[in-house]
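Asks: Need coordinates for the below:
(chains A, B and C)
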Amino acid sequence: MRLKKLLELRKRPIIDQWFERVIKSYAPDTAQFIKNQKDPFSNPFGSVLSKGLAVLFDQLLTNPDSETVKRSLDPIIRIRAVQDYSPSQATAFILILKNIVRENIKNELQDSQTANELLQFESKIDALSLVAFDIYMACKEKIYDLKTNTERNKVYKAFERAGLLTETSEPDPGLQRS
Amino acid sequence: MSDLPTPEEMLKVDHRPPSAGWMDSPVEIRKGIACYAGNPKSLEAVGFPNPRTWSCFDEDWQLPENWQEILHEGFKERLERFRSFRVFMDICVRCGACADKCHYFIGTGDPKNMPVLRAELLRSVYRNDFSKIGKILGKLNGARPMTIDVLKEWWSYLFQCSECRRCSVFCPYGIDTAEITIMGRELLNLLGLNIDWIITPVANCFRTGNHLGIQPHAYKDMLDFFADEIEDITGVRLEPQINKKGADILFVTPSGDVFADPGTYTCMGYMMLFHFLKENYGFDITWSTYASEGGNFGFFTSHEMMKRLNAKMYAEAKRLGVKWILGGECGHMWRVIHQYMDTMNGPADFLEEPVSPITGTKFENAKSTKMVHITEFTSDLIKHGKLDLDPSRNDHLKVTFHDSCNTSRGMGIFEEPRYVIQNVCNHFYEMPRNTIRESTFCCGSGSGLNAGENMELRMAGGLPRANAVKYVHEKHGVNMLACICAIDRAVLPDLMDYWVPGVDVTGIHEMVANALNLPGQNERDTDLRGEPLPGIEGQTEEEADEG
Amino acid sequence: MNAKYIVSLLAVVVLFLLAYVGVEAAGLQVVFGIIIPYLAFVTFITGFIYRIMDWSRSAVPFRITTTAGQQKSLPWITDDKVDCPSTSGGVVLRMILEIAFFRSLFRNTRMKIKEGTKLSYQLEIFLWLGALAFHWAFFTVLFRHLRFFTNPVPVVVQLVENVDSFFRVEFLTDIIQIGVPGVYLSGLVLLLAVTYLFLRRIFVSNVKYISLASDYFPLFLIFGIAFTGVLMRYYAKIDVTAAKELTMGLVSFRPTIPEGVSPIFYVHVFFVSILLAYFPFSKLMHLGGIFLSPTRNMTTDTRARRHVNPWNYPVKVHTYDEYEDEFREKMIEAGLPVDRQPVDTQPAEATPEESEEKE
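Replies: Now for the predicted structure:
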């Protein structure tokens, strides 16, 4: 319980640092945009990120509820999955929290109870990162689904309904690509 | 431990050197962002230069020997032909107002997707080639010679712009990045650099009259099939007229409406509307297989190709001897019709100034081009009480409206579609103000970027739009995204599937048809999609009595 | 990255030294007070006209107006007469709002979600305010300077001067005496605004990312002009009568170099000359360009009035006859009307062969 109190006390700065370090993975001008543009419709990622990180941190302080965790992680990962990142880069932002927490309580770590609690806390972060990976994979699978099913399917679906598929035996070159 | 990166390092791994100037970060052409290169057969079909099999992921792009010279001459020619291009090359002050207005920048986070930088790609070469001071000061002044790396950068970023013109609304000088992208793509085409998703539809359209390459008999089969479907749903048999000489009006719509879901339901909607008007008012309209494409992917290659494809509309109207032309729901089709067609292929003096045969309304705003937008036509009908509508058949829909880029910023049609929607359905909710009307966000797949291989780019580019839909979905339970664009209807379902599951996509005339009572119809128990109407079981008896 | 503004700053410092030393040490008053201003003015005028002519030579093939409001269509739908002007009057109004009040910049409306889901609108007005302050202050300063080129000074100019210095700040100590000649608001606003525009380029990273040396240079130069001007008025206290003698000499084509004009004045004039000469060859030409911007200066009634493209040329199209020749049999079989019946073969027989061939 000591750790929880410490972290609750430092919640704001920790979340801020977390946010800062996530957006460092973007080019500086993009990072500044993500941070400063407060309109959620002009800056979906910044708004999703700042909301999501706060919820996630709260969840870690208690017993994380898997639904809530997924609900906050999903929009963040969903965006990073279509941006130009490798799977590890897209999900690494969760593990970073470990470093941030350690830095923030390094003076209190002499206390063995706190240190023990920290280990447990970090296990929760690990679990979070596994959930993140699941979400990432699901997003990517969705993308691949969309890639294979795109135009082709829509057109063929319409043709199929019309019973035209056998008659249009000459396939259109534009449709072969997808 | 090892040389494995820590999460921190992992995050910091940044493929875009942060402090380097943009000219010093070379372009990377990546899967998921880039589109496949054009099929040489398609280039040959329309006589485009340098047809060959190539891939943008190759090192060697098999360019003609003198490609720099071709580009330079092409650049010069376009500076003389287009004042827009010339002025936009000179007057940008890089104030940054446009920087965060681009949906591709917001979605991908790639700084080179800021509109100003997209334009600087061309300006940097312009300063080097066409300004003495620029050349002397060089990089310091943002000038650089055309090299193969610069060319690849052009290719990459000119196909990450959907020509949506959102930035031009916010630019204090009205600099329109779409115009710059159009010129840039035209220049790339001089070297045979295009994407297949654009050039193959162009080739198809040239030969068969539509992007999908559908031949006339298949076109008719589809319309017949829709007639069967409509008969199943309403019990009314209708006969669409095709290629009919002497009809009053020619109807042209994007072929996507005829051949791809969910546009097909919009197409059924047009057919039911026309049937209703024919039965009640003797309305005489014909479809055409020769001009079976409203859209114009030629617009995404060059002005000349746009004109070659667009010519069919007037030619067909003349051949069939109609009075004027009615155009279906489409985005870039309407930009071309509204701002280019009359100039390119007019004057259409063989047509009459459009008058609605039912209400007698003169469409003064279309008196020269002689082509009327279907929501202008339908809203006029509704205003005059000429339609028999039962909006409750759309009660299962909570609708929001996505303004398409081209009809918004290249035409200004905002109220007509809204008026129609509000008269055919009872639940309509607007998305936030800075994401609609002139500030509307692109679907992320416009200007020929609706391919499959660039899905990551499409999803990222569509994020701002989807995000606003998500907001009304969560707040008002919106489950239907209406639009007046065939590309929207083709791509928004994917976008919704990824970002906002539970929201479907529709054209406006699908909803019109759902609400429209056809003379002699049966009690309907499904909508056009075959989905049961809500509460139909309970109401069946009462309504049967009325009917 | 830094090179871009360091170089620009150095350039302005060098220009300063050039003029200061030139006048103070080398006694080149004639060069800096007469020759260079004349050359600069001629360059400005001819350069400006040349650029405008050059732009005008390029054709306007299409009417590609950006429509930022409801089109004029049906009589019962209110059209947006300014943001989607269908008449020339509307275009003029749109251009005035654009040029005098930077309407498009002002359009930067942003929305914020404040605590919960209540929406509120907020204006991102700083760029707009900064730009507006800068341009209006510059214009006022310029207008006030007519005092130096007219004799007697027109009433309007005096009026503007009075309004401009209406806001009096009197701050008198032994060392600094601000307020004595009546503070011109415009000069100070100009200095502040130009500083803001510069800082923005340094600290807003996406603006920094896109800025070029040619974006910094005019800012430094204008800062230099405003600074030397303010210096002369409130601190160096130059001999205004002598200065006016010089400027009146220039406009009356009887140039003279009066005694006792401070070198700072020559620096000021030199900076202005550089700005004038640099103007036509730089992005500052946006002053002229905005009037020619095709997305703003044209009407939107493109379907009602035909626009003519001066270089419209015929293109190769795929005619209906070519189309029907290719698909005639299939069209006949499908029951579609055709313009010409096939001559040699019967459609019923031809079709199966035809489709086999295709396969």
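
Asks: what's around residue 145, how many residues?
Replies: In the absence of a named chain, chain A is used. Residues lying near residue A:145 (other C-beta atoms under 10 Å in any protein chain shown) number 14. In this view, the C-beta of every residue, glycine as well, is placed from N, C-alpha and C.

Asks: should've been chain B
Replies: Neighbour tally, residue B:145, other C-beta under 10 Å: 12.

Asks: would you say it is within a strand?
Replies: No. Checked against DSSP: H, G, I helix; E, B strand; the rest coil, residue B:145 lies outside a strand; its state is coil.

Asks: Pretty sure residue B:447 sits against residue B:161.
Replies: Yes. Residue B:447 lies in contact with residue B:161 (C-beta atoms under 8 Å); the separation is 7.0 Å.

Asks: Common neighbours of those two, please.
Replies: Common contacts of residue B:447 and residue B:161 (C-beta atoms under 8 Å, 6 or more residues apart in numbering or on different chains): B:178, B:181.

Asks: Please give me every residue in contact with the closest residue in space to residue B:194 that isn't next to it in sequence.
Replies: Excluding its sequence neighbours, the residue lying closest to residue B:194 (C-beta to C-beta, 6 or more residues apart in numbering or on different chains) is residue B:38, at 4.1 Å. By C-beta under 8 Å, 6+ apart, residue B:38 lies in contact with B:192, B:193, B:194, B:195, B:196, B:198, B:199, B:200.

Asks: for stretch C:56-72, what is the average pLDDT?
Replies: Across stretch C:56-72, the average pLDDT comes to 95.

Asks: Distance from the chain centre to it, please.
Replies: Counting by C-alpha atoms, centre = their mean, to the nearest Å, stretch C:56-72 is centred 18 Å from the centre of its parent chain.

Asks: Next, see if the one helix or strand residue A:69 maps to gets close to chain B.
Replies: Element membership of residue A:69, judged by DSSP states H and E, is helix A:66-82. Yes. Looking at helix A:66-82 against chain B by C-beta under 8 Å from any C-beta of the partner chain, the contacts come from A:78, A:79, A:82.

Asks: which one of those has the most neighbours?
Replies: Within the residues of helix A:66-82 next to chain B, residue A:82 tops the neighbour count with 28 neighbours, counted by other C-beta under 10 Å.

Asks: Now do the contacts for that residue.
Replies: The neighbours of residue A:82, taking C-beta under 8 Å, 6+ apart as the test, are A:139, A:143, B:32, B:107, B:455, B:456, B:457, B:459, B:460, B:463, B:498.

Asks: try 10 Å
Replies: Shown in contact with residue A:82 (C-beta atoms under 10 Å, 6 or more residues apart in numbering or on different chains): A:90, A:139-140, A:142-143, B:32-33, B:107-108, B:444, B:455-463, B:498-499.

Asks: do residue A:102 as well
Replies: A:109, A:118, A:122.

Asks: Of those residues, which is the most crowded?
Replies: residue A:118 (21 neighbours).

Asks: Check which helices and strands the helix or strand that residue B:116 is a member of is in contact with.
Replies: Assigned by DSSP H and E, residue B:116 falls within helix B:115-130. Contacts defined by 3 or more C-beta pairs under 10 Å, 6 or more residues apart in numbering or on different chains; DSSP states H and E place helix B:115-130 against helix B:67-81, helix B:83-90, helix B:103-108, helix B:132-137, helix B:148-158, helix B:166-170, helix B:177-190, helix C:205-210.

Asks: tell me which strands and helices the third one is in contact with?
Replies: What that stands for is helix B:103-108. helix A:28-36, helix A:44-61, helix A:66-82, helix B:115-130, helix B:455-476.

Asks: Format the ones you listed as TSV; extra columns: mean pLDDT.
Replies: As requested, the helices and strands packed on helix B:103-108 are arranged in TSV below (pLDDT from 0 to 100):
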stretch	mean pLDDT
helix A:28-36	85
helix A:44-61	93
helix A:66-82	93
helix B:115-130	94
helix B:455-476	95
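
Asks: quick one: which of the ones you listed is nearest residue B:366?
Replies: helix B:455-476 (29.0 Å; C-beta to C-beta).

Asks: For the closest one, C-alpha coordinates in PDB please.
Replies: Backbone C-alpha positions of helix B:455-476 (Å, rounded to 0.1, in the frame of the first residue of the first chain) are rendered in PDB as follows:
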ATOM      1  CA  MET B 455      -4.600   0.500 -46.500                       C
ATOM      2  CA  GLU B 456      -2.500   1.900 -43.700                       C
ATOM      3  CA  LEU B 457      -2.300   5.200 -45.400                       C
ATOM      4  CA  ARG B 458      -6.000   5.200 -46.000                       C
ATOM      5  CA  MET B 459      -6.800   4.300 -42.400                       C
ATOM      6  CA  ALA B 460      -4.500   7.000 -41.100                       C
ATOM      7  CA  GLY B 461      -5.700   9.600 -43.500                       C
ATOM      8  CA  GLY B 462      -9.300   8.800 -42.600                       C
ATOM      9  CA  LEU B 463      -8.700   9.000 -38.900                       C
ATOM     10  CA  PRO B 464      -9.900  12.600 -38.400                       C
ATOM     11  CA  ARG B 465     -13.100  11.800 -40.300                       C
ATOM     12  CA  ALA B 466     -13.700   8.600 -38.400                       C
ATOM     13  CA  ASN B 467     -12.900  10.300 -35.100                       C
ATOM     14  CA  ALA B 468     -15.700  12.800 -35.700                       C
ATOM     15  CA  VAL B 469     -18.100  10.000 -36.700                       C
ATOM     16  CA  LYS B 470     -17.100   8.100 -33.500                       C
ATOM     17  CA  TYR B 471     -18.100  11.200 -31.500                       C
ATOM     18  CA  VAL B 472     -21.600  11.300 -32.900                       C
ATOM     19  CA  HIS B 473     -21.800   7.500 -32.800                       C
ATOM     20  CA  GLU B 474     -21.100   7.500 -29.100                       C
ATOM     21  CA  LYS B 475     -23.100  10.600 -28.300                       C
ATOM     22  CA  HIS B 476     -26.200  10.100 -30.300                       C
END
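
Asks: if we can go back for a sec, now, the contacts of residue A:102 that are in helices?
Replies: A:118, A:122 (DSSP state H).

Asks: between the contacts of residue A:102, which is nearest residue C:241?
Replies: Of those, the one sitting nearest to residue C:241 (C-beta to C-beta) turns out to be residue A:109, at 77.6 Å.

Asks: What separation is there between residue B:286 and chain A?
Replies: Distance from residue B:286 to chain A, counting by C-beta to the nearest C-beta, to the nearest Å: 21 Å.

Asks: wait, doesn't that residue sit right on residue B:239?
Replies: No. In this structure, residue B:286 is not within contact of residue B:239 by C-beta atoms under 10 Å, at 11.5 Å.

Asks: Between the two, which has more neighbouring residues?
Replies: Remark: of residue B:286 and residue B:239, residue B:286 carries more neighbours, 22 against 11, as counted by other C-beta under 10 Å.

Asks: quick one: that one is in a strand?
Replies: Yes. The assignment for residue B:286 is a strand, going by three-state DSSP.

Asks: which residues touch residue C:135?
Replies: C:99, C:100, C:101, C:102, C:190, C:193, C:287.

Asks: Repeat the analysis, applying 8 Å as the threshold.
Replies: By C-beta under 8 Å, 6+ apart, the contact list for residue C:135 reads residue C:102.

Asks: Please identify the helix or strand for it.
Replies: Counting by DSSP H and E, residue C:135 is found in helix C:126-144.

Asks: Now that helix: buried residues?
Replies: Buried residues in helix C:126-144, counting neighbours by 16 or more other C-beta atoms under 10 Å in any protein chain shown, are found at C:127-128, C:130-138, C:140-141, C:144.

Asks: Spatially, which two of those residues are the most separated?
Replies: Checking those with C-beta to C-beta, the most distant pair is C:127 and C:144, at 26.0 Å.

Asks: Look up how far residue A:92 lies from the closest residue to chain C within the stretch 301-450 of chain B.
Replies: Per C-beta to the nearest C-beta, residue B:412 is where the stretch 301-450 of chain B lies closest to chain C, at 3.4 Å. Distance of residue B:412 to residue A:92, computed by C-beta to C-beta, to the nearest Å: 46 Å.
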